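1. Sequence first, predicted coordinates after that:
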Amino acid sequence: MELSYHEKLTLIKLGEIGSCKVEELVERTKLDQVAVMRAILGLQSKGLAKLHEKHFKVVKSTELAKKYAQIGLPERRALKILVERGKISLDDLKDVLSEDELKPIVGLLRKEGWASVRKEEGKLVLEITEKGKQALSQKRPIDKALELLAERSEVEASEIEKLVSLKEIKRRKIGDEESKSEREVEITEKGLELVKTGLELKEEVSYLTPELITSGKWRNVEFKRFNIKAPVKVTYPGKKQPYRAFLDKIRRKLIEMGFIEMEAESLIETQFWNFDALFQPQNHPARDWTDTYQLKHPKMGYLPKEELVERVKASHEHGWETGSRGWGYKWDPRKAMLLMPRAHATALSARQLAKGVQIPGKYFAIQRVFRPDVLDRTHLIEFNQVDGFVVGEDLTFKNLLGILKRFAVEIAGAKKVKFLPDYYPFTEPSVQMSAYHEELGWVEFGGAGIFREEMTKALGIDVPVIAWGIGIDRLAMFKLGIDDIRYLFSYDLRWLREAKLVW
Ligand SMILES: N[C@@H](Cc1ccccc1)C(=O)O
């Protein structure tokens, strides 16, 4: 049987006396009250000790009791005078009794049979009796009760009641009644046996310290077991915003998979990087104000170095050196300069390719993007995309599907994936990917494809680039257990405190 150090110590001490009050065990073990109680309860649950709770009444002495113990009860004080003088009037008692005490004194003395009472010349006269003469040297039960109370200040009611009634104590205002309980512990047969067979009392420690290790003392101590299932007070330590934590986990995963994070300096982009560099024609309907936001002020930004702009222009107009015929229209640099909040994270991929990349190389970005929509439970005008690409000599469409599948498994925890043909102006071929989620069913996960040569060549890349863009907010909703996408940005303290992130 496994006993804690406190339990062992308590059991050994209890074994020495068999049974005692909890307080006594506190004294004997030199542990604090809480530790002893916990040990006793532990021993009790193992059948080694029993805790009995006793309820009883006590009488607590009052200030008056202490005073009376010194100067004597009123009737005794009166008796003293009587004994001295033999015969007195009430006035003679005024020096030794207060007004309150004076009132009932005649009745008291008579009841005790210590004095006879007569009227002489219209005045009450008290005269000592034989009994009265003896009384001074005798203790009545009430005198004994008073002594007890004065001595101990708290006496078990049953003890007092052997002398006088509690009613009498109260009437004389020398004691107040109070209920008390006392806990007594008793060792059981089983406990006694265990003590007899000898318990090894090793020092128990709760914390492993450097000193314990370096001194080698750890060999001689016992490590306290923690009950990690014990209920505790709920606390809300500071933590990351749940959605932020989710995004950070995705970032971590991608970094672990060997991806390099792309930089994004701002949320604002020129149309050049959002569209033109991606071979998206200037008359493409997605460039319309209904599909993207436009910046009112300032309206325009800067284009990159001329050489690059020229290549992009040539690609759009006639396909440049790619063998493609391009889109066959007059490319307008002023349109490319318009500023907008970034509408997809693929803009960052274009920027990275133009900046230069490691070949082979893998890149990603987690980016806030903006698109006009009507806000509701499942739509926000801003959301997050994870975009990325892999660049390398021999990459094929098959590699793309393999990577996407891995993503769906690693990021979404999907068991199955499905690819459907799709269209994007910047990829050929293009696919749309859906991931099967146990609870959500088929979830559209994102788009992907091989970047068109008209795009990559203009950006200075001569090898295949496979690319994808994934929307992760629906996944976040699921992981965070919410059914309203607006909650991702909620200030609701309760949600912020309690939202769980199970990866
Ligand atoms: N940018 C596309 C996704 C995509 C990225 C890269 C390649 C193909 C498609 C979107 O926002 O839907």
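-> Looks like it arrived, so ask away. Numbers count the residues shown, from 1 in each chain.

2. and residue 226, what are its phi and psi?
-> Torsion angles at residue 226 (phi, psi; degrees, to the nearest 10) stand at phi -100, psi 140.

3. so who does it touch?
-> residue 206 (C-beta atoms under 8 Å, 6 or more residues apart in numbering). Bear in mind the C-beta positions are built from the backbone N, C-alpha and C, glycine included.

4. Quick one: name the residues of the stretch 201-350 of the chain near the ligand.
-> Within reach of the ligand by C-beta under 6 Å from any ligand atom, the stretch 201-350 of the chain has these residues: 344, 346.

5. if I look at the residue minimising distance to the centre of the chain, how far off is residue 417?
-> Closest residue to the average C-alpha location of the chain: residue 235 at 2.3 Å, with C-alpha atoms, centre = their mean. From residue 235 across to residue 417, the span is 41 Å (C-beta to C-beta, to the nearest Å).

6. can you check residue 21 too?
-> Separation of residue 21 from residue 417 (C-beta to C-beta): 71 Å.

7. out of those two, which sits in the more crowded spot?
-> Per other C-beta atoms under 10 Å, whichever of residue 21 and residue 417 has more neighbours is residue 417, with 19 against 13.

8. what's whichever strand or helix holds the more buried one packed up against?
-> Secondary structure assignment for residue 417, by DSSP states H and E: strand 416-424. Applying 3 or more C-beta pairs under 8 Å, 6 or more residues apart in numbering; DSSP states H and E, we find strand 416-424 packed against helix 397-412, strand 427-437, strand 441-451.

9. picking that back up, pretty sure the residue nearest to the centre of the chain sits in a helix.
-> No. Applying DSSP: H, G, I helix; E, B strand; the rest coil, one finds residue 235 to be coil, outside a helix.

10. Next to the ligand, which bits of this structure? Give me the list.
-> Residues of the chain lying near the ligand (C-beta under 6 Å from any ligand atom): 344, 346, 387, 424, 427, 446, 447, 448, 449, 467, 468, 469.

11. Quickly run through the sheet partners of the strand holding residue 417, with directions.
-> Take DSSP bridges as the rule and strand 416-424 pairs in its sheet with strand 427-437 (antiparallel).

12. Now do the partner strand and helix 397-412, the angle between them.
-> Counting by axes from the mean of the first three to the mean of the last three C-alpha atoms, to 10 degrees, strand 427-437 lies at 30 degrees to helix 397-412.

13. Give me the residues contacting strand 427-437.
-> Here strand 427-437 makes contact (C-beta under 8 Å, 6+ apart) with 397, 400-401, 404, 408, 412-424, 442-452, 467-468, 478.

14. out of those, which are buried?
-> Among these, those buried by neighbour count (16 or more other C-beta atoms under 10 Å) are 400-401, 404, 408, 412, 414, 417, 424, 443, 445-452, 467-468, 478.

15. Show me what counts as buried in the worst-scoring helix or strand of the chain on mean pLDDT.
-> Counting by mean pLDDT, DSSP states H and E, the weakest-scoring helix or strand in the chain turns out to be helix 473-480, with a mean of 80. By 16+ other C-beta under 10 Å, the buried positions in helix 473-480 come out as 473, 474, 475, 476, 477, 478, 479, 480.

16. Break the protein into its domains for me.
-> 5-55+179-203, 63-177, 204-232, 245-267+342-498 (automatic domain parsing).

17. which of the ones you listed is buried the deepest?
-> Each of the domains of the chain was given a mean neighbour count from mean count of other C-beta atoms under 10 Å, and the largest, a mean of 18, is that of domain 245-267+342-498.

18. How far does that domain stretch from one end to the other?
-> Its first and final residues considered, domain 245-267+342-498 spans 13 Å by C-alpha to C-alpha, to the nearest Å.

19. just how off-centre is that domain within its chain?
-> Computed by C-alpha atoms, centre = their mean, to the nearest Å, the separation of domain 245-267+342-498 from the middle of its chain amounts to 34 Å.

20. going forward can the numbers begin at 257, since that is how I track them
-> Noted, 257 is the first residue going forward, which turns the last one into domain 501-523+598-754.

21. Check the residue sitting furthest away from the middle of the chain and give its pLDDT.
-> In the chain, residue 377 marks the outermost C-alpha relative to the chain mean, sitting 87.0 Å out by C-alpha atoms, centre = their mean. We have a pLDDT of 85 for residue 377.

22. How about the contacts made by it?
-> By C-beta under 8 Å, 6+ apart, residue 377 lies in contact with nothing.

23. Can you tell me how far it is from residue 274?
-> Between residue 377 and residue 274 the computed distance is 72 Å (C-beta to C-beta).

24. now the helices and strands packed on strand 672-680 in a markdown table, with mean pLDDT?
-> Converted to a markdown table, these look like this (pLDDT from 0 to 100):
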| stretch | mean pLDDT |
| --- | --- |
| helix 653-668 | 85 |
| strand 683-693 | 89 |
| strand 697-707 | 88 |
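
25. Let's have the ones you listed in JSON lines, adding distance to residue 647.
-> Formatted as JSON lines, these follow (distance: least, C-beta to C-beta, whole Å):
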{"stretch": "helix 653-668", "distance to residue 647": "11"}
{"stretch": "strand 683-693", "distance to residue 647": "14"}
{"stretch": "strand 697-707", "distance to residue 647": "9"}
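
26. closest one to residue 718 among these?
-> strand 697-707 (12.0 Å; C-beta to C-beta).

27. just checking, next helix/strand downstream of that closest one?
-> helix 709-712.

28. Pairing partners for whichever helix or strand comes after that following helix, with directions?
-> Next helix or strand after helix 709-712 toward the C-terminus (DSSP H and E): strand 721-727. Strand 721-727 pairs in its sheet with strand 638-647 (antiparallel), strand 697-707 (antiparallel), by DSSP bridges.

29. Identify the residues contacting strand 721-727?
-> With contacts defined as C-beta under 8 Å, 6+ apart, strand 721-727 is touched by 600-602, 605, 609, 639-647, 651, 653, 655-656, 659-660, 663, 667, 682-683, 689, 700-707, 712.

30. ok, residue 504 touching residue 495?
-> No. The pair residue 504 and residue 495 does not pass the contact test of C-beta atoms under 8 Å, sitting 11.6 Å apart.

31. Pass me the low-pLDDT residue ranges in the protein, would you?
-> 545, 757-759 (pLDDT under 70).

32. how near is the residue of the stretch 257-406 of the chain found nearest the ligand to residue 307?
-> Proximity of the stretch 257-406 of the chain to the ligand (C-beta to the nearest ligand atom) peaks at residue 258, 59.4 Å away. Computed as C-beta to C-beta, the residue 258 to residue 307 distance reads 20 Å.

33. next one: residue 333
-> Separation of residue 333 from residue 307 (C-beta to C-beta) stands at 48 Å.

34. Residue 669 now?
-> Per C-beta to C-beta, residue 669 is found 51 Å from residue 307.

35. repeat for residue 292
-> Residue 292 is 11 Å from residue 307, by C-beta to C-beta.

36. got any residues that touch both of the two?
-> Here residue 292 and residue 307 have residue 278 as joint contacts, going by C-beta under 8 Å, 6+ apart.
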